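Trainee: structure for the following, please:
(chains A and B)
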Amino acid sequence: GAGVSQSPRYKVAKRGQDVALRCDPISGHVSLFWYQQALGQGPEFLTYFQNEAQLDKSGLPSDRFFAERPEGSVSTLKIQRTQQEDSAVYLCASRGRTGGYNEQFFGPGTRLTVL
Amino acid sequence: LAKTTQPISMDSYEGQEVNITCSHNNIATNDYITWYQQFPSQGPRFIIQGYKTKVTNEVASLFIPADRKSSTLSLPRVSLSDTAVYYCLVGDGGDDKIIFGKGTRLHILP
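Mentor: Sure, this is the predicted structure:
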């Protein structure tokens, strides 16, 4: 497709369950980002990949959060032992080699609800 | 990354011009000013970027005074579909992550 896609769009999990969120970036985009957006707040950075290398994971809130991009394209954000405070929209963005500074292309997000 | 300050919310009417001002007093020499737009249930969308003076595209205009300590996003003749959250951010792109604030919730009334 032409844009960033994410799946599932909605996920409901029981507290303690593990979840996996998928991101398909724009084809050829080298950089991939994950953000977490709580209700009424702006997105907050979680982690960043350049190709398959995870260059920055400073925003991951705990060691229950894990992201990977093994072949430098699709990425998965995994949350283990989900807690209620993990409920949020998880946004994925990608960026190509051209374009303006800070020009990232965002997907529609996955809304995670932890019961 | 430079901190930005923008109004929490604004209301306007269809057909009006809307101006949203953002303050960034500690902007660095290499920083650009970027605005994103986010509709409900969608990810943010890049709308405009500038360094100084004025930039215009099909969506908006961005006015930046000479001291660059503030900027104004101008949306001409808004419609109901312009109801969204608008984020102002500054950075040089060297720090790859984007730091979003809370943005400005723009509500267009009929």
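Trainee: what's the burial count for B:Ala84?
Mentor: By other C-beta atoms under 10 Å in any protein chain shown, the residues close to B:Ala84 number 22. Where you see a C-beta, it was placed from the backbone N, CA and C, and this is true even at glycine.
Trainee: how near is it to B:Gln42?
Mentor: 9 Å (C-beta to C-beta, to the nearest Å).
Trainee: hang on, A:Cys92 packs against A:Gln6?
Mentor: Yes. Between A:Cys92 and A:Gln6 there is a contact at 5.4 Å, judged by C-beta atoms under 8 Å.
Trainee: more neighbours: these two, which one.
Mentor: A:Cys92 (28 against 22).
Trainee: looking at this, that one is in a strand?
Mentor: Yes. Counting by DSSP: H, G, I helix; E, B strand; the rest coil, one finds A:Cys92 located in a strand.
Trainee: what bridges to it?
Mentor: Beta bridges link A:Cys92 to A:Trp34 when assigned by DSSP bridges.
Trainee: report the rounded mean pLDDT for stretch A:54-62.
Mentor: Across stretch A:54-62, the average pLDDT comes to 95.
Trainee: can you give me the end-to-end span of that stretch?
Mentor: Length of stretch A:54-62, first residue to last, C-alpha to C-alpha, to the nearest Å: 16 Å.
Trainee: next, the buried residues of that stretch.
Mentor: Residues of stretch A:54-62 classed as buried by neighbour count (16 or more other C-beta atoms under 10 Å in any protein chain shown): A:Gln54, A:Asp56, A:Gly59, A:Leu60.
Trainee: now A:Arg95: closest residue in space that isn't a chain neighbour?
Mentor: A:Ser31 (4.2 Å; C-beta to C-beta, 6 or more residues apart in numbering or on different chains).
Trainee: residue numbers of chain B in contact with chain A?
Mentor: B:32, B:34, B:41-46, B:49, B:85, B:87, B:89, B:91-93, B:96-103 (C-beta under 8 Å from any C-beta of the partner chain).
Trainee: 10 Å instead, please
Mentor: B:1, B:30-34, B:36, B:38, B:41-46, B:48-51, B:85, B:87, B:89-103, B:105 (C-beta under 10 Å from any C-beta of the partner chain).
Trainee: is it true that B:Ile99 touches A:Glu44?
Mentor: Yes. Using C-beta atoms under 10 Å, B:Ile99 is in contact with A:Glu44, at 8.5 Å.
Trainee: what's the pLDDT at the nearest residue to A:Gln84 once chain neighbours are set aside?
Mentor: Nearest non-adjacent residue to A:Gln84, counting by C-beta to C-beta, 6+ apart: A:Val114, 5.0 Å away. Looking at A:Val114, its pLDDT reads 98.
Trainee: which residues pair with A:Val114 across the strands?
Mentor: Taking DSSP bridges as the rule, A:Val114 bridges to A:Ala13.
Trainee: now do the contacts for it.
Mentor: A:11-17, A:19, A:79, A:82-88 (C-beta atoms under 10 Å, 6 or more residues apart in numbering or on different chains).
Trainee: the strands in chain B, which residues?
Mentor: In chain B, the strands defined using DSSP state E lie at B:9-13, B:18-23, B:32-38, B:45-50, B:53-56, B:61-64, B:70-75, B:84-91, B:104-109.
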